[in-house]
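> return atomic coordinates for the entry below.
(one chain, ligands or ions: 1)
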Amino acid sequence: MKKITYKDFARLLCDQFPGEDTPEQHLAVVCPSCGTVQSETSFTRAEVDEETIYRVLGFSCIGRYTDAIEAQVGEKTGRGCSYTLGGLFKLHTLVVVKEDGEERPSFEPAAPAQAQELRLLHQRDPDAITIRSRRSPDGRFFFSKA
Ligand SMILES: [Zn+2]
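This is a model prediction of the structure:
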């Protein structure tokens, strides 16, 4: 289990977009179960409210808020899964230590290339949620092979 300070965690996130003002809504993490890259924008597009996003980003997979909740833990569909660090399966590899010493399990920050790819997709496609999951015109979620 890797343990890092909150400050180092924040630095890893900010390093996803070097040389620019940190686009907070695009800072991305990776679900340890399904490998899906997800950011605040992913959750906003899945119509998760701001307060919930603050609580669950990096802790519960985006799939819990889309139809990917039916995906099994560990299933790599590219659209998310039902995994949460609050559940029975402990798959995470990272613990973030806050200044008061409290330890919080967390999804790992995405690699810069992954975070940038997700942002590009979000900029290109207003219905994109994660790399391969989209919102259809009728408001439902679906898995895009494109
Ligand atoms: Zn997942």
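
> every contact and neighbour count from this point should use C-alpha atoms.
Noted.

> got a list of what the residue most central in space within the chain touches?
The centroid of the chain falls nearest to Gln38 when counting by CA atoms, centre = their mean (2.8 Å). Taking CA atoms under 8 Å, 6 or more residues apart in numbering, we find Gln38 in contact with 28-31, 62, 118, 129-130.

> if you set the cut-off to 6 Å instead, what comes out?
Contacts of Gln38 were listed using CA atoms under 6 Å, 6 or more residues apart in numbering, and they are 28-29.

> burial measure for Val95, as a count.
Counted by other CA atoms under 10 Å, the residues lying close to Val95 total 20.

> could you check how far it is from Phe17?
Counting by CA to CA, to the nearest Å, the gap from Val95 to Phe17 is 23 Å.

> residue numbers of this protein in contact with the ion?
Proximity of the chain to the ion is confined to 31, 33-34, 61, 80-81 under the rule CA under 5 Å from the ion.

> and the nearest residue to Lys3 once chain neighbours are set aside, what pLDDT?
Counting by CA to CA, 6 or more residues apart in numbering, Lys3 lies nearest to Val95, which is 4.8 Å off, once chain neighbours are set aside. Reported pLDDT at Val95 in the predicted model: 95.
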